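S.K.: coordinates for the following, if possible.
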Amino acid sequence: MTNTSPRDVILHRRSRVKNKRPLTTDIQWGEIAVNFNDEDASLYVKDETNKVRKVGGIFYSDSAPDPSVVIDGSDELSHGELWVKRIDPPEQSSNQEEDAHLFIYNKFVNSNAGGWLEIGKFRFALLEETLDQFRDGTDGEDIVHTDGNQILINNKSVIKGESTAAGNKLIINDGANFATAVINASNNVIINSDDVNVNADNVVLSSDTSYYFQTDSVTGTGSSTFTYNDHGLFNGEEVFVEQYLNDGSTPGGLTSGNYKISEASLNTFKLNNGSTDVLATGNVKIRYSPSVVLDRDYNILQSGNFEVKGLGDFPDTSQITDGRWDIYQNTQNGNVRIYSRTGTNISEIVGSSVTIDVKNSTGSVINAWTPVYFVGFDPISKVITIGPADASSSLAMKALGLASASIPANGLGVVTVYGELKVGDSLAIDPNPPGSDESSSVVYVKPGGGLTFLPPTKAQGQRQPIGLLLKESVGDPNGRIFVNHPDIDNQVQLKQGYIFVGSTGDHAMAYRLDTDFFQTYIADDNELEISAADEISFGAYEFLWDGNSGSKIQKKVSTSDEGIGNTQQTTIDSFPVTYRSAKFFVQIALGGAGIPANYQITELLVVHNDTDVNLVDYGTASTLNQRLGDFTANIVGNNVEIYFQRYAATLGQIQIKTVRTAVLS
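M.R.: Down below sits the predicted model:
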């Protein structure tokens, strides 16, 4: 045997047991241990710090190596171990039938507690040879990827750069199929261009720098009124209440948050939380960020703080150009008003009325406050055509409303169909005697056209109340009418003996009562009531009553049903014991599959003395000469109940119809 130098001797331990690792006492420095298990082939050495380190073999499993399951060996993972995490099925971004992620164990992370780091994340990010961090993807994949000159997310173009041949364009959200909005969160955006085109339904221009102010005073017990001179806020605008006042430490008088302005005047306003005006414990600091919203036609849909002209009443023709409108502020209450001018007419655009655009279909001017009716539709102007209403002609009725201002012959105009109509002369209403005040009077469409305080008679034509006069204005254009007031019919005063009835083609027509059928009397509450006459005759039928409530007669019709084979008694009627007697007319129908139809009619008389009931069945007829059952009665509580009991041999579905006439005690 040839002797071998000790340096040529390989010392090692070996084991085929899965998950077996050597202990530090099992091997010496430089000695190796080999695990040749087919699922955990590994090589171990002991380093100079007396630690067992795994230096070969990569752990491949669905879950990370668990040192707690080590058999008779070291229960620590070694620094630098590798683990391939098996994934089946693979992740969406993989085309493999089976996928895997690579991890390395670092004993210094997690405050030296150790942990697995995935290779390909954090500082170990994967890079392709072209340094492209966005891998090309296929349709429908939820990834960020590139495709030529564009970056896509979920296969939707986010940003795209066009070449010189295409015009040197940078396109954001190509095709508008990626997002509903593009937000630039920078503090300053400069657009250097000769032309800017915005293709959108709405464009919102918001101020990035907010306007701050602290209120000067606050009063009120149910809700607070805040004072700040020339605050510039209008009803409905939204503001933010800061937590602290101007000094940055004193809490404000309201919980911080969004509120809306209400009851604004020139120097005061209230704050609404969405449901009610709030009560504050002191002054508040307001942050206000005005914004302007433009639609695709550059119309202002919403505007923030803007300057208006101060005016106590309304402007004249020297202040507004014909065909234009302007904004004014009522210095008496701070409200903003919009006025328009058509010719020499100045009209206030208010939200307290409903108006429609119309075209005059006649060759004559239609004056302001003239009632008009629907004629047709103009396909060119896209508005309805109207003409002056006339109560004496059914062809020129019903009236839609009143002309808001003079409408030129064959020209366009506006009609108020509901609400307050201003700018008019009450002398246009006939009759209007000088010195009288017809305010609150009902205004009618006049026979021949125009307005009148006198309700037309049936002989004159149709009667249509069209409004209430709110303000008399004899000789000046400041009158006011509330057009088509919802309570207008109740304002009409009738003569004695008249009532309102629904009449086709004549709204709320008044007719006299026929005293042959109705009478008036003073009720228990001393109010005048209308009731049926004691004797009413309709052809061959006559109804009699002596007017004494003690002899009142009650009639009732009722229906009862009982199922096939029911053997229990059926309650067919019940009436209060306050009625002493009653007469019944009872019709019974028997039917069902395979059962001959049978019909029975029976008359009953019932009387009681508050304790006992006497019932007499004094007349019965049947189509098959077969009686279907019997009747009984009893007092239950405060009611008299009538029962029907079918004969046991009678099968089928039974329906009972009862007509009762009862007389009070």
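S.K.: nearest residue to the residue positioned nearest the centre of the chain other than its sequence neighbours?
M.R.: A centroid search over the chain (Cα atoms, centre = their mean) returns Gly274, at 14.8 Å, as the residue closest to the centre. Distance criterion Cβ to Cβ, 6 or more residues apart in numbering; nearest residue to Gly274, sequence neighbours excluded, is Lys260 at 7.1 Å. C-beta: built from backbone N, CA, C; applies to glycine.
S.K.: which SS class is the one you found?
M.R.: With DSSP: H, G, I helix; E, B strand; the rest coil as the basis, Lys260 sits in strand.
S.K.: okay, and the beta partners of it?
M.R.: Beta-bridge pairing for Lys260 (DSSP bridges): Glu238, Asn272.
S.K.: residue contacts, it?
M.R.: Lys260 is in contact with 236-239, 271-272, 274, counting by Cβ atoms under 8 Å, 6 or more residues apart in numbering.
S.K.: for Lys446, state which of these is nearest.
M.R.: Taking Cβ to Cβ as the measure, Gly236 is the one of the contacts of Lys260 closest to Lys446, at 40.4 Å.
S.K.: pretty sure the closest one is in a strand, no?
M.R.: No - if the criterion is three-state DSSP, then Gly236 is coil and not within a strand.
S.K.: on that earlier part again, so which of the contacts of Lys260 wins on neighbours?
M.R.: Leu271 (26 neighbours; other Cβ atoms under 10 Å).
S.K.: for the spatially closest residue to that residue that is not a sequence neighbour, give its distance to Ser217.
M.R.: Setting aside the residues directly before and after it, Leu271 is nearest to Tyr259 in space (Cβ to Cβ, 6+ apart), at 4.1 Å. For Tyr259, the distance to Ser217 equals 18 Å [Cβ to Cβ, to the nearest Å].
S.K.: show me which of these two is the more surrounded one.
M.R.: Of the pair Tyr259 and Ser217, Tyr259 is the one with more neighbours under other Cβ under 10 Å, namely 21 against 12.
S.K.: what about that one, distance to Ser275?
M.R.: 11 Å.
S.K.: assign the residue nearest to the centre of the chain to helix, strand or coil.
M.R.: Classification of Gly274 by three-state DSSP places it in coil.
S.K.: so can I have TSV of the contacts of Lys260 showing pLDDT and distance to Asn367?
M.R.: Output for these, formatted as TSV (pLDDT from 0 to 100; distance: Cβ to Cβ, whole Å):
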residue	pLDDT	distance to Asn367
Gly236	76	36
Glu237	80	39
Glu238	83	43
Val239	88	45
Leu271	95	45
Asn272	93	42
Gly274	87	45
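S.K.: the stretch 551-665 of the chain: strands as residue ranges?
M.R.: For the stretch 551-665 of the chain, the strands defined by DSSP state E, counting those that start in this stretch cover 553-562, 570-576, 579-591, 598-608, 613-622, 629-636, 639-646, 653-664.
S.K.: what is the second one packed up against?
M.R.: When you say that, I think you mean strand 570-576. Applying 3 or more Cβ pairs under 8 Å, 6 or more residues apart in numbering; DSSP states H and E, one finds that strand 570-576 contacts strand 553-562, strand 579-591, strand 639-646, strand 653-664.
S.K.: which one of those has the lowest average pLDDT?
M.R.: Least confidently modelled of these is strand 553-562, at a mean of 65 by mean pLDDT.
S.K.: the strands in the stretch 301-450 of the chain, which residues?
M.R.: Going by DSSP E, counting those that start in this stretch, the stretch 301-450 of the chain shows strands at 309-311, 325-330, 336-342, 345-349, 353-360, 371-378, 383-388, 399-403, 412-421, 429-430, 442-445.
S.K.: for Asn566, find the nearest of the ones you listed.
M.R.: Of all the strands of the stretch 301-450 of the chain, strand 412-421 comes closest under Cβ to Cβ, at 59.1 Å.
S.K.: are there helices or strands packed against that closest one, and which ones?
M.R.: Against strand 412-421 (3+ Cβ pairs under 8 Å, 6+ apart) you get strand 353-360, strand 399-403, strand 480-483.
S.K.: could you give the angle of that strand to strand 371-378?
M.R.: Relative orientation of strand 412-421 and strand 371-378, computed by axes from the mean of the first three to the mean of the last three Cα atoms, to 10 degrees: 140 degrees.
S.K.: JSON lines for the contacts of Lys260, including distance to Ile572?
M.R.: Converted to JSON lines, the contacts of Lys260 look like this (distance: Cβ to Cβ, whole Å):
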{"residue": "Gly236", "distance to Ile572": "63"}
{"residue": "Glu237", "distance to Ile572": "68"}
{"residue": "Glu238", "distance to Ile572": "66"}
{"residue": "Val239", "distance to Ile572": "70"}
{"residue": "Leu271", "distance to Ile572": "66"}
{"residue": "Asn272", "distance to Ile572": "60"}
{"residue": "Gly274", "distance to Ile572": "57"}
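S.K.: which of these sits closest to Lys285?
M.R.: Val239 (10.3 Å).
S.K.: pLDDT weak spots in the stretch 501-650 of the chain?
M.R.: Applying pLDDT under 70 to the stretch 501-650 of the chain picks out residues 501-513, 515-516, 533-558, 564-565.
S.K.: pLDDT below threshold where in the stretch 51-200 of the chain?
M.R.: Low-confidence segments of the stretch 51-200 of the chain (pLDDT under 70): 56-57, 89-97, 120-143, 164-167, 175-177, 179-181, 185-187.
S.K.: got the residue ranges for the strands in it?
M.R.: Listed in chain order, the strands of the stretch 51-200 of the chain (DSSP E, counting those that start in this stretch) span 52-56, 59-61, 82-87, 99-106, 115-118, 144-147, 150-153, 156-161, 170-172.
S.K.: make CSV out of those strands and add distance to Tyr521 and mean neighbour count.
M.R.: Listed next are the strands of the stretch 51-200 of the chain as CSV, based on distance: least, Cβ to Cβ, whole Å; neighbours: other Cβ atoms under 10 Å:
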stretch, distance to Tyr521, mean neighbour count
strand 52-56, 112, 17
strand 59-61, 101, 15
strand 82-87, 94, 16
strand 99-106, 96, 16
strand 115-118, 97, 15
strand 144-147, 89, 15
strand 150-153, 84, 17
strand 156-161, 82, 16
strand 170-172, 83, 12
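S.K.: and of those, who's closest to Asp617?
M.R.: Asp617 sits nearest to strand 156-161 of all these, at 86.0 Å, using Cβ to Cβ.
S.K.: and the gap between Arg324 and Leu421?
M.R.: Distance from Arg324 to Leu421, by Cβ to Cβ: 21 Å.
S.K.: quick one, which of those two is more surrounded?
M.R.: Neighbour count, other Cβ under 10 Å: between Arg324 and Leu421, Leu421 has more, with 28 against 10.
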